[in-house]
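> I'll drop the sequence and a predicted model, then ask my questions.
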Amino acid sequence: MAADDSPAGARRRLRLALRKAREVAGLTQGDVGDALHWSLSKVQRIESGDVTISVTDLAALLRLLEVTDADQVDRMTNDARLARKRGWWDRAPYRDYLTPALSKVVQYELTASEIRVFQFAVFPGLLQDEKYADAIFTVVEHASAEVRRTKLEIRMRRKEGVWGREEPPRYLVILDEFLLERSFSDPSVAVRQFEVLLTLIRQRPEVIVRLLPKEQARFLLLGAFSIYSFGDEEDAALYREFSITDEIVHDTVEVGKYRLRFEQMWELCLSPAATMDVVEAQYAHFRALLSRRG
């Protein structure tokens, strides 16, 4: 999928363009709401990308902001239409198992130029083997067979969408060193997961995985997160995962804080070569366990 084909990408571009136009016009969000008889929350939700804007409302807003350049109006109008389109993630049964934030993540994965990921509990979804993902859904989430099947389809479609891109994103991953040592009830699942991880690292130069040393455990307090970049620092999104909830953050200050933390961790991580040594050692460990089980 090209960037212009993503509803989330169109919504993101449109919200940035509208905020910039409002600021150029010297108006506050309250001024816009008063002039158009909209609630302040409606203006805020449009600019945050939480809701789409109709072409009719967009036309009224552009008149108020005195946006008259024909090419700019056409681009913004096209983005307003595209933002309301639906993708496979909006269709049943998938939409029932995607949070609003994760639905955006699916689309961001298809258009981001760079993705930065920090994980300490499980391997990131785009690096997961199918059996490993199924084990997570079974053991951690206690999901039924039907739910597991649907979630696995979503997981695999996401992987295919990213690694099937003509130009895949630069994918930078920080994993907690302890993650590699966690036990698996079935060594064959561990072996397959490590094979998938090693294959991606070896065959895809855009994938760089580094381990955060055990003594840097203080960073775990940040929680798992991903940063999706689309060309410049302002055009980025932060995805935060909590125990039972998740969220997308567009605020440039907040995104910047997490980008800084990622860079700090990156500097403290084992080098890519040293990381590969540890990963290969753990792979050999699980292969030995599997062999002993015979």
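It's in. Residues are numbered from 1 along each chain as shown.
> where do the helices sit along the stretch 51-200 of the chain?
55-64, 70-83, 100-111, 130-135, 145-163, 187-203 (DSSP state H, counting those that start in this stretch).
> now the fifth one against helix 100-111, angle please.
Relative orientation of helix 145-163 and helix 100-111, computed by axes from the mean of the first three to the mean of the last three CA atoms, to 10 degrees: 30 degrees.
> buried sites along helix 145-163?
Val147, Arg148, Thr150, Lys151, Leu152, Ile154, Arg155, Arg158, Lys159, Gly161, Val162, Trp163 (16 or more other CB atoms under 10 Å). The way it works is simple: take the backbone N, C-alpha and C, and place the C-beta from them, glycine included.
> enumerate every residue touching the fourth one.
Residues touching Lys151, when contacts are defined by CB atoms under 8 Å, 6 or more residues apart in numbering, comprise Tyr97, Ala133, Phe137, Ala143.
> Tyr283 against Pro187, yeah?
No: with contact defined as CB atoms under 8 Å, Tyr283 does not reach Pro187; the gap is 11.0 Å.
> where does the protein have low pLDDT?
Low-confidence segments of the chain, defined by pLDDT under 70: 1-5, 294.
> just want the most central residue of it.
In the chain, the centroid-proximal residue (CA atoms, centre = their mean) is Val105; its distance is 4.1 Å.
> okay, that residue and Thr68: tell me how far apart.
With distances taken as CB to CB, to the nearest Å, Val105 is found 36 Å from Thr68.
> picking up where we left off before, Thr245 versus the residue nearest to the centre of the chain, what's the distance?
From Val105 to Thr245 the distance is 14 Å (CB to CB).
> those strands in this structure, which residues are they?
114-119, 170-176, 207-212, 225-229, 236-241, 246-249 (DSSP state E).
> distance to Gly26 and mean neighbour count added to those, as CSV?
Formatted as CSV, the strands of the chain follow (distance: least, CB to CB, whole Å; neighbours: other CB atoms under 10 Å):
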stretch, distance to Gly26, mean neighbour count
strand 114-119, 34, 22
strand 170-176, 38, 21
strand 207-212, 44, 21
strand 225-229, 30, 22
strand 236-241, 26, 20
strand 246-249, 27, 18
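> one step back: so how do I select the buried members of the contacts of Lys151 in PyMOL?
PyMOL command restricting these to the buried ones, with burial defined by 16+ other CB under 10 Å:
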select buried, resi 133+137+143
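> show me the two of the contacts of Lys151 that sit farthest apart.
Tyr97 and Ala133 (12.8 Å; CB to CB).
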